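> Got a sequence here, can you build the structure:
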Amino acid sequence: MYQYRQPQFYVRRNSPIIQRVRLTSHEKRWRRQWPYTITIILATLMLLFTLIIIILEIASLAVDNSNTYSNTASTGAGIWCSLAFLLATVCMYFLVIVYDCSFLCSLYTLVAHLIASIFICILVGLDANAVTPYNQQLSTAPTKIQILKGQLAVAILMFLFPIAYLAIFIYTAFVSRIPFQHVHANSSVRYPIRVVKY
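Residues are numbered from 1 along each chain as shown. Down below sits the predicted model:
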């Protein structure tokens, strides 16, 4: 389920001189236990949901860009709130692809998800305020309101991503405190050979 990796060093990218810095034991355990594949899946799904929100917002503005139906019906919130969603998505990709699931980058990504959750609340509130007067009208509601109802549903589902990432962070923080003592017999991980001089 999880991809086992044995991190030993990391390279400082902000220096013209390549330096190999040995990782601490806690950092090694953190990177080893972080669910690499699940993070990639979450980032891809979050990117897909963000694109859906942007498309629905553009469609609702194309139908009617006035506030005829509600004072929050044409705020363009689906576009500017998606900037926070994209930030969290990019941080997840950078976490697993560029920074090899480091603790510091995962902490920054957690902050990005907390910011994204605030904007999710804003988007849900604006959409809910716009569609509430038309709750009794299912098929007879205006096209713009039907689009905003779809956007509201997707925005509510977006709550799953910050919650899932927080669960991953807590899980890794708990498991990484347990020292790694043995490797499964069928594991293909090769440890560096220790040379002993007599």
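> switch to C-alpha atoms for all contacts and neighbour counts from now on
Fine.
> residue ranges with poor pLDDT in the protein?
Confidence mapping of the chain against pLDDT under 70 gives the ranges 1-21, 65-73, 137-139, 179-198.
> residue boundaries of the helices in it?
For the chain, the helices identified by DSSP state H occupy 25-33, 36-63, 77-80, 82-97, 103-131, 143-157, 160-175, in order along the chain.
> got a markdown table for the ones you listed, with mean neighbour count too?
Formatted as a markdown table, the helices of the chain follow (neighbours: other Cα atoms under 10 Å):
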| stretch | mean neighbour count |
| --- | --- |
| helix 25-33 | 20 |
| helix 36-63 | 18 |
| helix 77-80 | 20 |
| helix 82-97 | 21 |
| helix 103-131 | 20 |
| helix 143-157 | 19 |
| helix 160-175 | 16 |
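> Could you tell me which residues make contact with the residue lying closest to Ile120 once chain neighbours are set aside?
By the measure of Cα to Cα, 6 or more residues apart in numbering, the closest residue to Ile120 outside its immediate chain neighbours is Ala155, 6.3 Å from it. The neighbours of Ala155, taking Cα atoms under 8 Å, 6 or more residues apart in numbering as the test, are Ile53, Ile120, Leu123, Val124.
> separation between Ala155 and Ser82?
10 Å (Cα to Cα, to the nearest Å).
> Find the residues that touch each one of the two.
The contact sets of Ala155 and Ser82 overlap at Ile53 (Cα under 8 Å, 6+ apart).
> so Leu114 sits right up against Pro162, yeah?
Yes: A contact is recorded between Leu114 and Pro162 when judged using Cα atoms under 8 Å, the distance being 6.9 Å.
> How about Tyr165, nearest residue that isn't a chain neighbour?
Per Cα to Cα, 6+ apart, closest to Tyr165 is Leu110, 7.3 Å.
> Same check on Lys149?
The nearest residue in space to Lys149 (Cα to Cα, 6+ apart) is Val131, at 6.5 Å.
> There's contact between that neighbour and Ile145 in this structure, I believe.
Yes: the pair Val131 and Ile145 passes the contact test of Cα under 8 Å, sitting 5.9 Å apart.
> how much space is there between Arg74 and Leu86?
I think there's a mix-up here, since residue 74 is Ser and not Arg. Here Ser74 is placed at a distance of 21 Å from Leu86 (Cα to Cα).
> do the same with Ile156
According to Cα to Cα, Ile156 stands 16 Å off from Leu86.
> With Ala155 instead?
14 Å.
> likewise Leu104?
Distance check for Leu104 against Leu86: by Cα to Cα, it reads 20 Å.
> And for Leu148?
Taking Cα to Cα, one finds Leu148 at 20 Å from Leu86.
> try Gln136
Here the distance between Gln136 and Leu86 works out to 34 Å (Cα to Cα).
> contacting residues around Ala59?
Ala59 makes contact with Ile147 under the criterion Cα under 8 Å, 6+ apart.
> where's it relative to Thr143, distance?
If you measure Ala59 against Thr143 using Cα to Cα, the figure is 10 Å.
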